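J.: mind looking at a prediction? Sequence and model below.
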Amino acid sequence: MLATLRPLLVAEVSAEAYAAGAEAGDLEQAVWLRLLERLDTDGPPVDPEGWLRSAVRFEARLSRRKARVEQPYGAEPATDPASGPEQQALTAAHRRALHTAVRRLPGRCPRLLAALLSPQDLTYREIAGELGISQGSLGPERSRCLGCLRRLLGTEVAAREPRG
């Protein structure tokens with residue numbers, strides 16, 4: 001059976017490999033492996049030629065899906081021109097200015113906003129437990145603190161000039 005299926009397999013694989021973006025040998029090997037696994041568990045297929053065609057198409061689809069997701073080692077990800085060194089420096093400067101302004105806020109605001117800006121991405125429950133306040137009062141407190149921060153930064157950032 002394997003000798004009679006080989007020419008059909010080679011023809012099917014060479015027809016599907018290019019469109020799948022895979023090597024013909026890889027597809028052929030995957031189909032042979034699938035056939036051997038099937039022979040081990042279920043015995044030979046009733047319609048070997050039909051099974052072979054569907055197995056080749058299945059492996060080609062699987063190869064296409066993998067090709068969309070996987071990237072070879074050493075492949076550089078596409079870099080965004082906006083994420084260059086200048087943009088990174090500006091982002092870091094803005095982040096430092098924001099954290100400096102947060103530290104100058106009154107009352108519990110510095111601790112609250114520092115927890116909200118934390119890279120740990122804390123939940124409201126965790127923030128409320130850390131600050132020792134109820135979870136229900138966290139929203140109004142956050143709004144009050146953001147208002148203070150807005151007023152503080154509003155005096156430091158130059159107002160836009162009116163247009164026209």
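T.: Cool, the structure landed. Keep in mind the model is a prediction, meaning the values are calculated, not measured.
J.: next one: stretch 56-64 to chain centre, how far?
T.: 24 Å (Cα atoms, centre = their mean, to the nearest Å).
J.: need the residues that contact that stretch.
T.: Stretch 56-64 is contacted by residues 9, 12-13, 16-17, 19-22, 26-27, 30-31, 34 when judged by Cβ atoms under 8 Å, 6 or more residues apart in numbering. Heads up, the C-betas are built off the backbone N, CA and C, glycines and all.
J.: list the buried residues in it.
T.: 56, 59-60, 63 (16 or more other Cβ atoms under 10 Å).
J.: tell me the buried residues in stretch 149-156?
T.: Here stretch 149-156 shows 149, 152 as buried, counting by 16+ other Cβ under 10 Å.
J.: what sits up against that stretch?
T.: Contacts for stretch 149-156 (Cβ under 8 Å, 6+ apart): 101-102, 104-105, 109, 113.
J.: hey, C-alpha coordinates of it in CSV?
T.: Taking C-alpha atoms only, stretch 149-156 is exported to CSV below (Å, rounded to 0.1, in the frame of the first residue of the first chain):
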residue,chain,number,x,y,z
LEU,A,149,-3.3,66.4,39.4
ARG,A,150,-5.0,68.1,36.5
ARG,A,151,-5.0,71.5,38.2
LEU,A,152,-1.3,71.0,39.2
LEU,A,153,-0.2,70.1,35.7
GLY,A,154,-2.4,72.8,34.2
THR,A,155,-0.3,75.5,35.8
GLU,A,156,2.9,73.9,34.6
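J.: tell me the mean pLDDT over it?
T.: Mean pLDDT, stretch 149-156: 81.
J.: equivalent analysis for stretch 110-119, please.
T.: 88.
J.: in stretch 114-121, which residues are buried?
T.: 115-116.
J.: what's the end-to-end length of it?
T.: 11 Å (Cα to Cα, to the nearest Å).
J.: so what touches that stretch?
T.: 98-99, 102, 122, 127, 130-131, 142.
J.: of the residues you listed, grab the buried ones for PyMOL.
T.: Typed into PyMOL, the line below selects the buried ones among these, using 16+ other Cβ under 10 Å:
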select buried, resi 102+127+142
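J.: now render the contacts of stretch 114-121 as a markdown table, adding pLDDT and secondary structure.
T.: Shown next, in a markdown table, are these (pLDDT from 0 to 100; DSSP: H, G, I helix; E, B strand; the rest coil):
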| residue | pLDDT | secondary structure |
| --- | --- | --- |
| Leu98 | 87 | helix |
| His99 | 87 | helix |
| Val102 | 90 | helix |
| Leu122 | 83 | coil |
| Ile127 | 89 | helix |
| Glu130 | 88 | helix |
| Leu131 | 88 | helix |
| Arg142 | 91 | helix |
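J.: noted, bye for now.
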